[in-house]
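A.B. asks: generate coordinates for the sequence data below:
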Amino acid sequence: MKFNTKAIHAGQKPEETTGAVMPPIFQTSTYAQKAPNDHQGYDYARVGNPTRTSLEKLIAGLEGADECACFASGVAAIDAVMKTLKPGDHVISTNDLYGGTYRLFTTVFEPYGIEFSFVDMTDLNEIENAIQENTKLVWMETPTNPLLRIIDIEAVVDLCDGKDILTVVDNTFASPYLQRPLSLGADAVMHSTTKYLGGHSDAIGGAVATSNKEFMEKLRFQIKTSGAVPGPMDCYLILRGIKTLHVRVQRSVENARKIADYLNNHSAVGEVFYPGLESHPQHKIAAKQMDDFGAMVSFSLKDDSIEKASQFMSKTSIFTLAESLGGVESLISHPASMTHGSIPREVRLKAGLKDSLIRLSVGIEDVEDLINDLHQAF
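C.D. replies: All right, here's what the predicted structure looks like:
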């Protein structure tokens, strides 16, 4: 079954009682039992819900995983992954990553004794040098947020081979339509389903897919114990969104490619960060491990100041100034003060995140209108 068909049919079948083509919204908190622990697969909605199960089967199918666990948000999914570790364990992560992930790692888990090393994961030597005897997990985000660097998943997996180190990839920016980390050897893949999977900016969610049964058992335990689960309505909305994932992302990527070319030739632009440009340092790696280059574009202004970036972003009308990404509508944001504001400025600058960096989530509008909107803002 090819991807476009999987997006609609993977793990899905008509509902058994009524034949409903779309999975119903099972809006219930509990389930009747014939006798204690004698039930139809569900006992309490924190542990499981049929609508959530349908979503989990669909995401697992798209990622080529045996199982998937869904959560209330992307950071809730990351939180569950981190809770499979114990004090004294060491994690290697990229130094260019979502601010919420950095905040979770440094302010929640570091005080509990989890150690973190943030390195430039485009440099395999930095990763290899960071590996310690207590390293238990490598957290990859590729393309990275917001500088769109590309991490060679297969090469990192090879570095960790035989070392009892779990490799997990945040695949949010690519979506399974463009990249499937499990096929490249990663142990697990994580998504903020809020983004491309949902695709309509109307639901919050997260997911982790894996074929590692022991790891999945640990995640299921976190679901049962910590309870950061999505509601059935959110699961339904994300399910519905995935049905059009392939056509939405394809149009967004086509638009992003043209916008990146436009920005790359604009006199007011300093740098353009887009893996599809041949000038991108990891362009060849992206071409190797991705089916296309994504719909996220970041760029800096030649006048590197927060004031100039703010002035520019306040003038767009089709690009909406807002956090998040991956929806049908185009968004514009300022990472330094919005999505990555929780990262200290000196840490941001060291990683290459300038004050004037602007991040675009390119939607599915007519690309001529999007380019004209950027032109009038300049």
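
A.B. asks: switch to C-alpha atoms for all contacts and neighbour counts from now on
C.D. replies: Noted.

A.B. asks: quick one: end-to-end distance for stretch 17-36.
C.D. replies: Its first and final residues considered, stretch 17-36 spans 24 Å by C-alpha to C-alpha, to the nearest Å.

A.B. asks: and residue 333, backbone torsions?
C.D. replies: With angles defined as degrees, to the nearest 10, residue 333 sits at phi -150, psi 170.

A.B. asks: same check, this time on residue 116
C.D. replies: According to degrees, to the nearest 10, residue 116 has phi -130, psi 140.

A.B. asks: now swap in residue 141 and tell me
C.D. replies: Torsion angles, degrees, to the nearest 10, at residue 141: phi -130, psi 110.

A.B. asks: bridged to it, which residues?
C.D. replies: Judged by DSSP bridges, the bridge partners of residue 141 are residue 170.

A.B. asks: cool, and residue 44?
C.D. replies: Beta-bridge pairing of residue 44 under DSSP bridges involves residue 30.

A.B. asks: so what's residue 87 closest to, chain neighbours aside?
C.D. replies: residue 113 (4.4 Å; C-alpha to C-alpha, 6 or more residues apart in numbering).

A.B. asks: ok, which stretches of the chain are helices?
C.D. replies: With DSSP state H as the criterion, the chain has helices at 3-9, 50-63, 74-82, 99-103, 124-130, 153-160, 213-226, 232-242, 245-264, 283-289, 306-313, 345-351, 367-377.

A.B. asks: thought residue 159 was touching residue 129?
C.D. replies: No. With contacts counted by C-alpha atoms under 8 Å, residue 159 stays clear of residue 129, the gap being 10.6 Å.

A.B. asks: these two: which is more packed in?
C.D. replies: Legend: neighbour count by other C-alpha atoms under 10 Å for residue 159 and residue 129, higher for residue 159 (16 against 9).

A.B. asks: list the contacts of that one.
C.D. replies: By C-alpha atoms under 8 Å, 6 or more residues apart in numbering, the contact set of residue 159 is residue 128.

A.B. asks: least reliable of the helices of the chain going by mean pLDDT?
C.D. replies: Among the helices of the chain, helix 345-351 has the lowest mean pLDDT, at a mean of 74.

A.B. asks: can you pull the pLDDT of residue 340?
C.D. replies: 71.

A.B. asks: that one against residue 99, yeah?
C.D. replies: Yes. Assessed by C-alpha under 8 Å, residue 340 is found in contact with residue 99 at 4.1 Å.

A.B. asks: hang on, the earlier thing: turn the helices of the chain into JSON lines, including distance to residue 270.
C.D. replies: Formatted as JSON lines, these follow (distance: least, C-alpha to C-alpha, whole Å):
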{"stretch": "helix 3-9", "distance to residue 270": "37"}
{"stretch": "helix 50-63", "distance to residue 270": "36"}
{"stretch": "helix 74-82", "distance to residue 270": "32"}
{"stretch": "helix 99-103", "distance to residue 270": "23"}
{"stretch": "helix 124-130", "distance to residue 270": "27"}
{"stretch": "helix 153-160", "distance to residue 270": "29"}
{"stretch": "helix 213-226", "distance to residue 270": "43"}
{"stretch": "helix 232-242", "distance to residue 270": "35"}
{"stretch": "helix 245-264", "distance to residue 270": "9"}
{"stretch": "helix 283-289", "distance to residue 270": "19"}
{"stretch": "helix 306-313", "distance to residue 270": "12"}
{"stretch": "helix 345-351", "distance to residue 270": "15"}
{"stretch": "helix 367-377", "distance to residue 270": "15"}
